[in-house]
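Q: Pasted the sequence and its predicted model underneath.
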Amino acid sequence: MRMKTKLIHGGVDGDPATGAVTVPIYQVSTYKQEGIGKHKGYEYSRTGNPTRFAVEQYIADIEGGVRGFAFASGMAAISSVVMLFDQGSHFVVGNDVYGGTFRVLTKVFNRFGIEATFVDTTDVEAIKATVKPNTKAIMLETPSNPLLTVTDIEAISHISREHHLYLIVDNTFMTPYWQNPLALGADIVIHSATKYLGGHSDVVAGLVVVKDQALGDELHFIQNSVGGVLGPQDSWLLLRGMKTLGVRMEEHEQNAGRLAEWLAQRSDIERVFYPGLSTHPGHEIAARQARGFGGMISFDVGSLERANQVLSRVKFFTLAESLGAVESLISVPAQMTHASIPAERRAELGITDGLVRISVGIEDVEDLIEDLEQALA
C-alpha cells in the first residue's frame, strides 16, 4: 500500500458496529464489564479509549512500527519516553533541539538524576566521544529546530547498536509522509502532532511509535501510570487531520522550495537554512534518507531590529508559536520557541537574534513572496 493510500485506509478503518466511515468520538470515561476482569477490551479511558486507540494504531501503521501512543502534547510524549529510563541514565542529545526539549531535560529531569549532554549529531566522532558507561539513548531531531540541521539517522543507528543504546528521533518536521526513522534504524519516533499531523492549528497532541513490542509494553505502562493521554475529541481531530497529510505536505514543500530559492538570491539576507537547497549542509543526506524536504525555512535578516520590522509588516504570515499549519506562521526563535536556551548557548549554536523561522503554509506562493518582499523592503 502506497503512502497516500495508507493515509486514508491505514489503522482502524471506520466503525464496524454502525458502518460509520470515520471512527466515532467515544466520549466516555469507563466501560461496563460483564464480570470482574471481563470486558470488551476497554475498562477505563486513561488505560485505553477506542478513539485514541484508532489514532495510535494509525500512526503505528504509517510510521512502520509495532505500536503507537497518543499523548496530550508533544512534550508529554517526550517526557513519557524519558521516563522509560532509570535514575542515573545519560542521554546524548542533539545540540539544536527544540527549546522545550532542552528545558525539560535540563530543568526537570535533571532533578531525578537523568543527565544529558548536547552535541552536534552530524559529527559521528563527537557522538562516540560523548558516550559514557551510563549512556542509555541518543536523542535527535532531523531536520532540527530551528537551523534545519540534517543528521544521518542510519549512521547514528550504527553507533547506537554498537553501544547498545536506544535511538530516539523526533520526526515532527518531516512527518511520516517524507521520512520514516524506524526504517533507518531508530527505535523510537516522536511527533509533536500539534504540527503537521494535525495541520490546522486546532489540536495539541503528541505521538510516539516504537518498533519493539517489549518496548511498547513498557511505554504503555508509563502512559497508563502517568496519565498524560490524549482525549477522544482531540484524537478524532488528529485522525481527521492526518487523512490529508500527503496532499498538504506536497503543497508545503512546493511553496517552501520556491520561497527558499527566492530568499537565497537576495543580497539583504545573510543566510538561508532549508534542506532542499543544494548549498545546505546535509542536503545530500536529506535527499537520501527522506522523500522530501519539508515546509520549514529559517533565514537570518541580520539583527533583531530588522527581524521585528519583518514581523510587524507581514500580512499573510501570522506571528505565532508552533508550525505545520495550513496557514503560514512566522517567529523569531531566539525570542520565542528557543528563549529558554541561554543566550550564550544560542550564540554558540548560531541561533542569532536576527534569525527568522517560517512555517510555509499552503497559500498561493506568489502572495507569500510578495508579502515577504514588502516586509523586507
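A: Received, thanks.

Q: What distance do you get for Lys4 to Phe293?
A: 18 Å (C-beta to C-beta, to the nearest Å). Where you see a C-beta, it was placed from the backbone N, CA and C, and this is true even at glycine.

Q: Break down this protein into its strands, ranges please.
A: In the chain, the strands defined using DSSP state E lie at 67-71, 90-94, 115-119, 135-141, 166-170, 188-192, 206-210, 271-273, 296-300, 318-319, 329-331, 355-359.

Q: which one of these lies closest to Glu251?
A: For the strands of the chain, the distance to Glu251 is smallest for strand 355-359, at 12.7 Å, taking C-beta to C-beta.

Q: orientation of the closest one relative to strand 296-300 in degrees?
A: Orientation of strand 355-359 against strand 296-300 (axes from the mean of the first three to the mean of the last three C-alpha atoms, to 10 degrees) gives an angle of 160 degrees.

Q: just checking, what packs against strand 355-359?
A: Using 3 or more C-beta pairs under 8 Å, 6 or more residues apart in numbering; DSSP states H and E, the elements in contact with strand 355-359 are strand 296-300, helix 304-313, strand 329-331.

Q: where's that strand relative to the chain centroid, distance-wise?
A: When C-alpha coordinates are averaged (C-alpha atoms, centre = their mean, to the nearest Å), strand 355-359 and its chain have centres 16 Å apart.

Q: got the angle for it vs helix 304-313?
A: Note on geometry: by the same axes, to 10 degrees, strand 355-359 and helix 304-313 are set 30 degrees apart in direction.

Q: that older thread, in a markdown table, list the strands of the chain along with distance to Asn224, mean pLDDT and mean neighbour count.
A: As requested, the strands of the chain are arranged in a markdown table below (distance: least, C-beta to C-beta, whole Å; pLDDT from 0 to 100; neighbours: other C-beta atoms under 10 Å):
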| stretch | distance to Asn224 | mean pLDDT | mean neighbour count |
| --- | --- | --- | --- |
| strand 67-71 | 10 | 98 | 25 |
| strand 90-94 | 24 | 98 | 24 |
| strand 115-119 | 26 | 97 | 18 |
| strand 135-141 | 22 | 98 | 23 |
| strand 166-170 | 20 | 98 | 24 |
| strand 188-192 | 18 | 98 | 27 |
| strand 206-210 | 14 | 98 | 28 |
| strand 271-273 | 40 | 97 | 20 |
| strand 296-300 | 34 | 97 | 24 |
| strand 318-319 | 37 | 95 | 14 |
| strand 329-331 | 34 | 96 | 22 |
| strand 355-359 | 33 | 97 | 25 |
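
Q: for the residue lying closest to Phe109 once chain neighbours are set aside, what are its contacts?
A: Across the structure, with C-beta to C-beta, 6 or more residues apart in numbering as the measure, the residue nearest Phe109 apart from its sequence neighbours is Val82 (5.5 Å). Counting by C-beta atoms under 8 Å, 6 or more residues apart in numbering, Val82 makes contact with 91, 104-105, 109, 114.

Q: Same question for Ser73.
A: With C-beta under 8 Å, 6+ apart as the criterion, the residues that contact Ser73 are 192, 194, 204-206, 228.

Q: mind listing the helices in the protein by residue range?
A: Along the chain, the segments classed as helices by DSSP state H run 3-9, 50-63, 74-82, 99-103, 124-130, 153-162, 175-178, 213-226, 232-242, 245-264, 283-289, 304-313, 343-349, 365-376.

Q: closest to Asn145 out of the ones you listed?
A: helix 99-103 (8.2 Å).

Q: Show me what the closest one is packed against.
A: Using 3+ C-beta pairs under 8 Å, 6+ apart as the contact criterion, the secondary-structure elements in contact with helix 99-103 are helix 74-82.

Q: what is the rounded mean pLDDT of the helix it packs on?
A: If you average the pLDDT over helix 74-82, you get 98.

Q: what angle do that helix and strand 90-94 make?
A: In terms of direction (the same axes, to 10 degrees), helix 74-82 departs from strand 90-94 by 140 degrees.

Q: For helix 74-82, which residues meet the burial criterion?
A: For helix 74-82, burial by neighbour count (16 or more other C-beta atoms under 10 Å) applies to 74-82.
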